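# Quick one: sequence plus predicted model below, questions after.
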Amino acid sequence: MTDIIEILVKSDKSITELDDDFLFSQNVLSVSQYAYNGELYFNLLFDQKDRSYIKKIIHKLFGSFQDFQMNKVENKNWVLESQKTLEPLSINCLYIHNDRHKKNKNKRINICVNGGLAFGTGHHGTTAGCLNALIKIQKTIDVKYFLDIGTGSGLLSIAANKIWKCRGIGIDHDKKSIEVARNNIIKNNCRNKVKVRLLDITKESHKLGYSSKFDLVMINILANIVVQAKYDIAKVITNNGTLIVSGFTKEQKKKIRVNYQNLGFIVLSEFTLNNWVTLVMRAPTF
Ligand SMILES: C[S@@+](CC[C@H](N)C(=O)[O-])C[C@H]1O[C@@H](n2cnc3c(N)ncnc32)[C@H](O)[C@@H]1O
């Protein structure tokens with residue numbers, strides 16, 4: 001079993017200021033923040049103990065003079081431990097919580113997701129942007145069949161299923177995410193209608209089959225993949241279908257818009273949360 005290394009950093013930065021993209025790319029397993037004796041601390045978990053590698057990451061995140069403490073932690077429950085601090089999230093009629101919190105009876109849709117090693121607890125600006133978009137369009141379209149590209153924890157698939165009672169597929173190229181998504185889908189009683197598949201959108205979209213198209217496609221991945229996937233998406237979305245794209249910053253927005261507008265997509269609305277942008281588009285009649 002790999003050792004899990006816990007890093008403690010004293011910093012009054014806000015957790016939303018940390019560069020999630022960077023954390024994700026450096027395989028930081030989890031990040032949480034807590035207060036102790038009036039001071040704020042970050043707790044970061046790594047699955048490797050090379051001090052100079054960790055030091056570089058800490059310095060990039062918190063500045064080069066930042067001191068930190070390094071401890072070995074027991075491996076068995078670190079995933080659950082890292083989620084204890086995640087508070088439930090309420091977005092309009094949606095209430096998203098993990099196993100440690102109860103349902104909210106006043107909300108129309110309760111979703112219980114345990115992120116585990118997958119991305120997607122709803123707290124990130126991109127996921128929250130997609131959830132906002134789903135809420136906003138819920139009454140303006142009727143979805144029968146959706147595709148969730150880069151499903152992560154499965155949260156967007158579960159939300160879409162619960163909003164429209166529709167069928168759908170969540171795909172991810174990461175085995176661990178598929179496992180987590182499958183468990184969350186079962187936990188939320190969606191397994192009869194929502195399937196997950198291990199599939200890389202940029203290399204294997206043909207495996208989705210083109211006979212039955214999707215009237216809603218959601219993609220929340222980094223900007224370069226969102227651009228790379230445009231032809232694949234154009235092949236699988238219905239005429240005038242709805243596309244929700246996220247995973248990019250305000251600075252990258254123009255590039256995304258231009259790439260999709262060149263294929264005939266029309267931007268209908270836009271959400272920005274912590275500098276992360278989500279666009280809702282309508283597909284053309286191909
Ligand atoms: C930012 S997370 C989004 C997770 C979730 N959909 C959400 O909105 O919170 C991106 C996910 O896309 C997956 N991914 C990245 N590149 C991919 C690709 N080429 N094909 C399929 N999935 C991919 C990652 O493994 C990760 O789970």
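Everything's here; your move. Residues are numbered from 1 along each chain as shown.
# C-alpha only now, for contacts and for neighbours.
Noted.
# Contact residues of this protein facing the ligand?
With the criterion set to C-alpha under 6 Å from any ligand atom, the chain comes near the ligand through 118-120, 127, 149-152, 156, 171-174, 177, 199-202, 220-221.
# how about a cut-off of 8 Å?
Residues of the chain lying close to the ligand by C-alpha under 8 Å from any ligand atom are 118-122, 124, 126-128, 130, 148-157, 171-174, 177, 198-203, 218-222, 225, 246-247.
# Can you say which of those residues are buried?
Neighbour counting by 16 or more other C-alpha atoms under 10 Å classes 118-122, 124, 126-128, 130, 148-157, 171-174, 177, 198-202, 218-221, 246-247 among those as buried.
# Need the pLDDT of residue 71.
For residue 71, the pLDDT comes out at 82.
# what about it, how many neighbours?
Neighbours of residue 71 under the rule other C-alpha atoms under 10 Å: 12.
# got a pLDDT number for the closest residue to it other than its chain neighbours?
Once flanking residues are discounted, residue 71 sits nearest to residue 6: 5.1 Å by C-alpha to C-alpha, 6 or more residues apart in numbering. We note a pLDDT of 81 for residue 6 in this prediction.
# cool, the one 4 residues further on as well?
Note on residue 10: pLDDT of 89.
# ok now do it, which residues does it touch?
Residue 10 sits next to 39, 40, 41, 42, 68 when contact means C-alpha atoms under 8 Å, 6 or more residues apart in numbering.
# How is the third one assigned, secondary-structure-wise?
Right, residue 41. strand (DSSP: H, G, I helix; E, B strand; the rest coil).
# and for whatever helix or strand residue 96 lives in, what are the contacting residues?
In this assignment (DSSP states H and E), residue 96 forms part of strand 94-97. Identification of contacts with strand 94-97 by C-alpha under 8 Å, 6+ apart yields 87-90, 103-104, 107-113, 121-122.
# Now, those residues that are in strands?
Members of the contacts of strand 94-97 lying in strands (criterion: DSSP state E): 89, 90, 109, 110, 111, 112.
# What is the neighbour count of the closest residue to the fourth one other than its chain neighbours?
Distances taken as C-alpha to C-alpha, 6+ apart place residue 95 nearest to residue 110, at 4.8 Å, with adjacent residues excluded. Burial of residue 95, expressed as a neighbour count using other C-alpha under 10 Å, amounts to 21.
# got it, and the one 5 residues further on?
Other residues lying near residue 100 total 14 when counted by other C-alpha under 10 Å.
# Look up phi and psi at it.
Here is the backbone geometry of residue 100 (degrees, to the nearest 10): phi -80, psi -10.
# Which pLDDT value goes with it?
Residue 100 is assigned a predicted lDDT (pLDDT) of 82.
# Residue 107 now?
pLDDT at residue 107 comes out at 91.
# Hmm, residue 91 and it touching each other?
No: the pair residue 107 and residue 91 does not pass the contact test of C-alpha atoms under 8 Å, sitting 9.6 Å apart.
# so what's residue 111 closest to, chain neighbours aside?
Among residues not flanking residue 111 along the chain, residue 96 sits closest, at 4.8 Å (C-alpha to C-alpha, 6+ apart).
# Any idea what the one you found is bridged to?
Under the criterion DSSP bridges, residue 96 forms beta bridges with residue 89, residue 111.
# if I look at it, how far off is residue 106?
Here the distance between residue 96 and residue 106 works out to 13 Å (C-alpha to C-alpha, to the nearest Å).
# Looking at these two, which has the bigger crowd around it?
Set residue 96 next to residue 106 and count neighbours by other C-alpha under 10 Å: residue 96 wins out with 25 against 9.
# What are the buried residues along the strand or helix carrying residue 255?
Under the criterion of DSSP H and E, residue 255 resides in helix 253-261. Under the neighbour-count criterion of 16+ other C-alpha under 10 Å, helix 253-261 has 253, 256, 257, 260, 261 buried.
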